[in-house]
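> sharing a model prediction with you, sequence too.
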Amino acid sequence: EKTFYRDINNQINIFAEMYADFKKVSESAYLADIQEKMNDKNVTQATQASILSKLPLEAGVCLRDPCPTEDDWATADPNLSKSPYEEKYQVKSGVVAGFTVTGALLLIIGIVIYYQWTIYKIKESAKKKFASRMATSTHNLVSGKDSAGVTPKDLIDTFNSIDCGVNDGGDGLISKDELWAYVTSTKGDNVKKIDSQMTRKEFDVLFDTIDKDKSEKIDFTEFCAFIAELNRS
């Protein structure tokens, strides 16, 4: 609230300026507060009755001009009015949790599918390169004709040629080192290093595919089963 006065030159100047904070309250709290203040000031009962009879003010009548709007109340006491930044529609927490869980499950499923697809592609590439490597040294063993023409001697000779490690060669089991030496060796064979060269990742997947019992060794039965799989591919 501002009070103005005119000086001797008829200029309008501010004499006093007063600010007041308003708080939005209920009608009963408003009347109770006024009566409490009057009791503190020892206002007579007759005067109190006269004042209270004129309250509350009629709708649209204010103690200050202009009347404060809802936006004014919000700036003075935002807890008593709806925030202009409040979302119009609120989503229940259960729905949000449901979408979150569903999204997480879909993400996990997607990761698993992608991982399995990646392993499948690596496995197929490894099988192709292993078949190519074997075809250079044993022409009849991997023919793509469901093992047609493959004799037990072919299988035994090839198995023994791989089971030739320095430390555990000839023990009837193919170790990882022995199989790795075979797929990476080009000695005495017409092997192309470009397309048939196997990566370590492909080799690990290949060995895990052949080693059905996960013993870290490939026995003769596992070797024969894998050769049959290659011929069916």
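Cool, got the structure.
> for this protein, which segments are assigned as strands?
2-6, 12-17 (DSSP state E).
> check the protein for its longest helix and report it.
For the chain, the helix that runs over the most residues, judged by DSSP state H, is helix 93-137.
> avg pLDDT for it?
Across helix 93-137, pLDDT averages out at 87.
> and stretch 30-44, by the same measure?
84.
> could you do stretch 164-180 as well?
85.
> my guess is residue 125 contacts residue 202. True?
Yes. The pair residue 125 / residue 202 is scored as a contact, 5.7 Å apart, by C-beta atoms under 8 Å. Heads up, the C-betas are built off the backbone N, CA and C, glycines and all.
> so these two - more neighbours on which side?
More neighbours surround residue 202 than the other of residue 125 and residue 202, with 21 against 16 (other C-beta atoms under 10 Å).
> so that one makes contact with residue 128?
No. Using C-beta under 8 Å, residue 202 is not in contact with residue 128, being 9.6 Å away.
> what sits against residue 162?
Contacts for residue 162 (C-beta atoms under 8 Å, 6 or more residues apart in numbering) come out as 174, 178-179, 182.
> let's see it at 10 Å
134, 137, 169, 174-175, 178-179, 181-183, 185, 218, 223 (C-beta atoms under 10 Å, 6 or more residues apart in numbering).
> looking at the residues you listed, which has the most residues close by?
residue 174 (26 neighbours).
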